[in-house]
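A.B. asks: No letters, just coordinates:
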């Protein structure tokens, strides 16, 4: 009880300060909990439970995300599940949709509310891995007394948001543990693991959203998240992940206008007005490749005479 009282005092004191420490992401979250969500750190609060209708609707809306995560979460659980961790997937509102945990740990996690249908938003239970990752739209580590509620200070969480094909946060993936010997290094490793899984899930969701498009990886300085663009047959960009949007300065409007991938990637394509030549050269090269260099077959494939194909090949230095 004394520990919880001391934690509550720390929350109130930190949230009222203007120092550098009080401007940290954790302190900012504590202030949101106090001032926006009207929560008190000392209250014995449990997560809000979504009603059956809300939970069913959330599961149906997010079924494609649950399925995209399933194999990845299973593999992650095989790595960390026996060390006293549970893995939780929530939607963008913090509603727990799916989880993995060892039977021997279920009672403890269920008592805390880390269970399907419970809501782990900041508005529900204050600063926590899922809620704060969703609020800040970034990967977070919330270690024990960094939680807002005193009743949650035995919990440690590493959480990464998951973004949809438009770059919007659509879910959160969390690893939580109640072990009292977990340290900063362990949490850093768990955080990297959950971040890697989230990145792979985002890439899967992006490919599923553009099943007929070519997917191009955009070179970036950071490999933390997948920078992908989807390109149609005419080299126009159909979509881009958040990392690609940041790297190429793309937004929904530019994509909707029909931006050529070559322009976005700043690929040199010769003099202005050479697009038709580029397209013709590419068509000739594809035809020759498909016929293993057989000029007669390539000409027939293109619907032109063999002599015409030879002239074009000479023009584009394809001989």
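C.D. replies: Yes, it's here. These numbers were taken from a predicted model, which means no experiment stands behind them.
A.B. asks: What residues of stretch 215-234 count as buried?
C.D. replies: For stretch 215-234, burial by neighbour count (16 or more other C-beta atoms under 10 Å) applies to 216, 218, 225, 226, 227, 228, 229, 230, 231. Any C-beta I mention is one placed from the backbone N, CA and C, and that applies to glycine too.
A.B. asks: Would you point out the most distant pair within the residues you listed?
C.D. replies: In terms of C-beta to C-beta, those reach their longest pairwise distance at 225 and 231, which sit 19.1 Å apart.
A.B. asks: List the buried residues for the helix or strand where residue 74 lies?
C.D. replies: Taking DSSP states H and E as the definition, residue 74 sits inside helix 63-80. Across helix 63-80, burial judged by 16+ other C-beta under 10 Å covers 65, 68, 69, 72, 73, 76, 77, 80.
A.B. asks: How about stretch 135-151?
C.D. replies: Under 16+ other C-beta under 10 Å, the buried positions of stretch 135-151 are 135-136, 139-151.
A.B. asks: do the same with stretch 236-254
C.D. replies: For stretch 236-254, by 16+ other C-beta under 10 Å, it's 236-248, 250.
A.B. asks: hey, where'd the helices end up in this structure?
C.D. replies: 2-15, 25-31, 52-61, 63-80, 106-112, 122-125, 129-136, 184-209, 242-248, 252-256, 261-264, 275-290, 295-302, 306-315 (DSSP state H).
A.B. asks: Single out the most deeply packed of those helices.
C.D. replies: helix 129-136 (a mean of 27; mean count of other C-beta atoms under 10 Å).
A.B. asks: and for it, what are the contacting residues?
C.D. replies: 25, 29, 32, 88, 90, 92-94, 96, 120-125, 139-142, 157-161, 169, 172, 174, 176 (C-beta atoms under 8 Å, 6 or more residues apart in numbering).
A.B. asks: Equivalent analysis for stretch 219-228, please.
C.D. replies: 195, 199-200, 202-203, 206-207, 215-218, 240-244, 246-247.
A.B. asks: okay, the buried residues of helix 63-80 in JSON lines with distance to residue 262 and pLDDT next?
C.D. replies: Below are these laid out as JSON lines (distance: C-beta to C-beta, whole Å; pLDDT from 0 to 100):
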{"residue": "65", "distance to residue 262": "32", "pLDDT": "97"}
{"residue": "68", "distance to residue 262": "30", "pLDDT": "96"}
{"residue": "69", "distance to residue 262": "34", "pLDDT": "96"}
{"residue": "72", "distance to residue 262": "33", "pLDDT": "95"}
{"residue": "73", "distance to residue 262": "38", "pLDDT": "95"}
{"residue": "76", "distance to residue 262": "38", "pLDDT": "95"}
{"residue": "77", "distance to residue 262": "43", "pLDDT": "94"}
{"residue": "80", "distance to residue 262": "43", "pLDDT": "90"}
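A.B. asks: out of these, who's nearest residue 9?
C.D. replies: Once C-beta to C-beta is applied, the member of the buried residues of helix 63-80 that ends up nearest residue 9 is residue 80, at 33.5 Å.
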